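Undergrad: predicted model and sequence follow; I will ask about them next.
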Amino acid sequence: MAQRQWRRMGMKLSTPVATGVLLALALLAITHLPPPPDHSPLPLPVTSSPGHLWDLANPLAGGQARRERLPVPLTRLQRGQSPGQGRRQRRSVERETPPWLSDDDLQKMQLLASGKVVSKTRIPAHGQVMRVGLQAMGDAKGDVLPASPERDCQDGNCGLIKRSGDLYEVLAFHLDRVLGLNRSLPAVARRFSSHLLPYSYTDGSLRPIIWWAPDLQHLEDANNDQNSCALGWLQYQEMLRSHRPWVAGDNLCSRIPHSEWSRLALFDFLLQVHDRLDRYCCGFQPDPSEPCVEEMLHEKCRNPAELVLVHILVRRSAPSRLVFIDNAGKPQHPEEKLNFRLLQGIDSFPAAAVATLRSGRLQSLLLESLRVDQQLWESQGGTKSLRALLQTIDRRAQILLRYIQDHSLTLFEDSPC
């Protein structure tokens, strides 16, 4: 058409000139196109087929989320693919992260999700649990293996790989942060491919990996090394009644304030974690398959003096704060068997956590938090599949709120610590 216009004007154009005119007109048209919409959608998971989008929950209302720049190849590394697979170039995108995940949380989650496995150590008497040394992406050390795996762990560069059946621990970590308890160690879901690991760890199954806190305090007693202090059930109940620490020569127990036990009880009830305050399953009738039955622990419920607490741990850097470990709990524990013994002796709860339970937004907040862990999100099917699990947690929250009301329990404000 351009050539016809020029011919009407009595001018002739050579083919190269005509082509140049057409290109100029095309560029002029492009510059007048309307700008693209001002938003950045979340990237599709690597394994998603075209047109398959997760039904994302509404973002957190009333708070400004931070924007973190997380590398897209994180998911590829989590899947254990080699850097040469695929032609996708390394790039960064903005991803909103909820404000309850601190910068330290995000840094540790990044290390756990994408760090290169450079060493391994078996944990005695813990079956398929493996401690691994991790090297962050882009570390200047390159491919040089650490001279001392123990030293690497002391520097905070280790994680504990647990069983596939313990993936609930990742949800527990996010619940801890959403409620503002901040007592659990960072955890993510990951697939491994390192040649240093046995095949059972590299068969493509998704496993939780928990950050290894280098200064957890353990008793020297080989039969009780999963505690920072020895505490029996009767001493624990007396301590709660008097609101005074139980001393009896145990300095670590004496530093744990009453409010810490309240946080632990709330957390364990929502997740139905028995193997801490009630490892003997005295608060409900256990199934024959429960470890407390198989190990003949349930029989000891008839003698409270024999009952002890387990996994009562603190860090040397913060001896007055409990550390919640082994938080897999019971996602399918039936409502008619909820263990109220976990709440026995507790007469107050943290106000901020209870306010979140009352808000009616617990499920949407958890969905927003879990979405940060792309591996877990994809493997569980996103919002639609996670909803049933979160409804169980929410239902337990409503039961706990009714318990607080029926027993006229009080709330306390968190003090900065």
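TA: Cool, the structure landed. Numbering: from 1, shown residues only.
Undergrad: quick one: the helix or strand hosting residue 253 to chain centroid distance?
TA: Assessed by DSSP states H and E, residue 253 sits inside helix 251-254. Put simply, helix 251-254 sits 29 Å off its chain's centre (CA atoms, centre = their mean, to the nearest Å).
Undergrad: alpha carbons of it, as PDB, please.
TA: The C-alpha atoms that make up helix 251-254 are tabulated as PDB, following Å, rounded to 0.1, in the frame of the first residue of the first chain:
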ATOM      1  CA  ASN A 251      19.500 -24.800  86.200                       C
ATOM      2  CA  LEU A 252      18.300 -25.000  82.600                       C
ATOM      3  CA  CYS A 253      14.700 -25.900  83.700                       C
ATOM      4  CA  SER A 254      14.800 -23.100  86.200                       C
END
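Undergrad: can you point out the buried residues in that helix?
TA: Residues of helix 251-254 classed as buried by neighbour count (16 or more other CB atoms under 10 Å): 252, 253, 254. From N, CA and C alone the C-beta is placed, and that goes for glycine too.
Undergrad: of those, just say which sits nearest to residue 340.
TA: Closest to residue 340 out of these is residue 253 (24.1 Å), distances taken as CB to CB.
Undergrad: now do the SS call for the closest residue to the closest one other than its chain neighbours.
TA: Among residues not flanking residue 253 along the chain, residue 229 sits closest, at 4.0 Å (CB to CB, 6 or more residues apart in numbering). Of the three states, residue 229 takes coil according to DSSP: H, G, I helix; E, B strand; the rest coil.
Undergrad: mind giving me the packing neighbours of the top helix by length along the chain?
TA: The longest helix of the chain (DSSP state H) is helix 382-406. Here helix 382-406 touches helix 258-271, helix 351-358, helix 362-370, going by 3 or more CB pairs under 8 Å, 6 or more residues apart in numbering; DSSP states H and E.
Undergrad: again, only this time at 10 Å
TA: With contacts defined as 3 or more CB pairs under 10 Å, 6 or more residues apart in numbering; DSSP states H and E, helix 382-406 has these neighbours: helix 168-178, helix 258-271, strand 348-350, helix 351-358, helix 362-370, helix 374-379.
Undergrad: of all these, which lies closest to residue 158?
TA: Checking the helices and strands packed on helix 382-406 against residue 158 by CB to CB gives helix 168-178 as the closest, at 16.3 Å.
Undergrad: ends of stretch 155-175, what's the gap?
TA: 27 Å (CA to CA, to the nearest Å).
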